[in-house]
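Undergrad: From the sequence below, what's the structure:
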Amino acid sequence: MEDDSEQDNLIEDDYYAFMNVPRNASNEEIISAYRRLSKLYHPDKHPNPDHKKEAEILFNRTRRAYEEFTAQNALNIEEIGVGTFGGFVEYGAEKKVSNYTSLSTAVRVGVPTGVSLRIRLSRGSQSYTFPIHLCDEIFPAPVFYATVAPLITWTIIKKFIIDPVVKEQKERSKEKQREINKSMMLEKQKEAKAAIELMKATFSRIRSEEEHRGGIVITKALYGRLVYPQDRVLGEDPTIGLRDEVIDVTIPLQCLVNESKLVLHNATKSQLPGFFDPCVGEDKQLLVQYLFHAQIHECIIKDNEPLRIPKQSHRVNTT
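TA: Numbers count the residues shown, from 1 in each chain. Purely as a prediction, here's the structure:
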């Protein structure tokens, strides 16, 4: 079970988040996002040799994301059934213990076989079956206990054994997960810094256009584990009193503004171009301070929350 929990916390590419499209994105939305990023990272637009090399990496990642979208075809099927054969009836239930482990029980009632209970433990490609013959004749009591006893036993085992063990494993594996992710995080950090360098010309153009039309101008955007003093005032410099791991994402966020609108979908923001995860395994937030019609606005959202700005409710009352 420890291996399963560690796999859940590994840094993985989320191409939906990278391209900033919803999970149910249409072909038109995916193509539009692909064209926008391809235009931003195309190596021919960056004559500087160092920038050109970084642009090739990000351009190839954009292309891989698009290829992944076109190749995806996943189907999940869940099936529950009760079957009869000859002189017996069999019914049961299956419970997923972890990503690779499941436990199932089945009660068989038949003539002349009587009542039996079968417990099956599956782990990966291996299965272990434990048949228990309860009686040769069909009586209500054995059928009842064969049905109820596994449920009660499972509830007790889960509450007093499995849950405490899983909780302890998660706590112990947190630091281990950080080590596993460290090299990947450094690579993501390097990629994010390179992306921001490539965005600077686009950032200046979009910011200038938005200032001219009185649209969205991102004045400060921070991403990470935000912890502030209790007396912080809305609208003040968000870096004052900040005590934990955050990164400045003002430039990449401004580059996502399109015609005075900014839309982020319900996915982790760490995969957005110019972002990276500064505190793997911790709860993160995104703080955005922006001007709209020359008025100060501010909002804070959780990592996986969607965001649409501008909003009247974000406006900061400065009087």
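Undergrad: which stretches of the stretch 201-319 of the chain form strands?
TA: 217-224, 246-248, 262-264, 285-292, 295-302, 307-309 (DSSP state E, counting those that start in this stretch).
Undergrad: Identify whichever of those strands lies nearest to residue 132.
TA: Among the strands of the stretch 201-319 of the chain, strand 295-302 comes nearest to residue 132, with 47.8 Å by Cβ to Cβ. No exception for glycine: its C-beta is placed from N, CA and C like everyone else's.
Undergrad: So which elements touch the closest one?
TA: strand 285-292, strand 307-309 (3 or more Cβ pairs under 8 Å, 6 or more residues apart in numbering; DSSP states H and E).
Undergrad: Residue 44 belongs to a helix, doesn't it?
TA: Yes. Secondary structure of residue 44, determined by DSSP: H, G, I helix; E, B strand; the rest coil: located in a helix.
Undergrad: What residues does residue 261 make contact with?
TA: 216, 308, 309, 310 (Cβ atoms under 8 Å, 6 or more residues apart in numbering).
Undergrad: Which of those sits closest to residue 33?
TA: Using Cβ to Cβ, residue 308 is the member of the contacts of residue 261 that lies nearest residue 33, at 16.5 Å.
Undergrad: I'd guessed that closest one sits against residue 266; true?
TA: No. Residue 308 is not in contact with residue 266 according to Cβ atoms under 8 Å; the separation is 11.3 Å.
Undergrad: Neighbour count: the two, which is higher?
TA: A side-by-side neighbour count of residue 308 and residue 266, using other Cβ atoms under 10 Å, places residue 266 first with 14 against 10.
Undergrad: Give me the distance between that one and residue 141.
TA: From residue 266 across to residue 141, the span is 51 Å (Cβ to Cβ, to the nearest Å).
Undergrad: okay, now the domains of the chain?
TA: 15-70, 86-171, 187-319 (automatic domain parsing).
Undergrad: Give me the average confidence score over the first one.
TA: The average pLDDT within domain 15-70 is 85.
Undergrad: what does the longest one give?
TA: Confidence for domain 187-319, expressed as mean pLDDT, is 87.
Undergrad: centre of the chain versus that domain, how much separation?
TA: 19 Å (Cα atoms, centre = their mean, to the nearest Å).
Undergrad: cool, the second one as well?
TA: Remark: domain 86-171 is offset 33 Å from the chain centroid, using Cα atoms, centre = their mean.
Undergrad: pLDDT wise, what is residue 142 at?
TA: For residue 142, the model assigns a pLDDT of 82.
Undergrad: Return the distance of it relative to residue 40.
TA: Applying Cβ to Cβ, the value for residue 142 to residue 40 is 69 Å.
Undergrad: Distance-wise, check residue 266 relative to residue 98.
TA: For residue 266, the distance to residue 98 equals 26 Å [Cβ to Cβ].
Undergrad: quick one, what contacts the nearest residue to residue 224 once chain neighbours are set aside?
TA: Closest residue to residue 224 apart from its sequence neighbours, by Cβ to Cβ, 6 or more residues apart in numbering: residue 246 at 3.4 Å. Residues in contact with residue 246 (Cβ under 8 Å, 6+ apart) are 222, 223, 224, 225, 226, 278.
Undergrad: Let's have those in TSV, adding distance to residue 165 and neighbour count.
TA: Formatted as TSV, those follow (distance: Cβ to Cβ, whole Å; neighbours: other Cβ atoms under 10 Å):
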residue	distance to residue 165	neighbour count
222	37	21
223	34	27
224	31	26
225	27	16
226	33	18
278	31	20
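Undergrad: Kindly reformat those as JSON lines containing distance to residue 209.
TA: Below are the contacts of residue 246 laid out as JSON lines (distance: Cβ to Cβ, whole Å):
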{"residue": "222", "distance to residue 209": "24"}
{"residue": "223", "distance to residue 209": "24"}
{"residue": "224", "distance to residue 209": "29"}
{"residue": "225", "distance to residue 209": "33"}
{"residue": "226", "distance to residue 209": "29"}
{"residue": "278", "distance to residue 209": "30"}
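Undergrad: which one of the residues you listed is nearest residue 121?
TA: residue 225 (39.2 Å).
Undergrad: so residue 119 touches residue 146, yeah?
TA: No. In this structure residue 119 lies outside contact range of residue 146 using Cβ under 8 Å: 10.7 Å.
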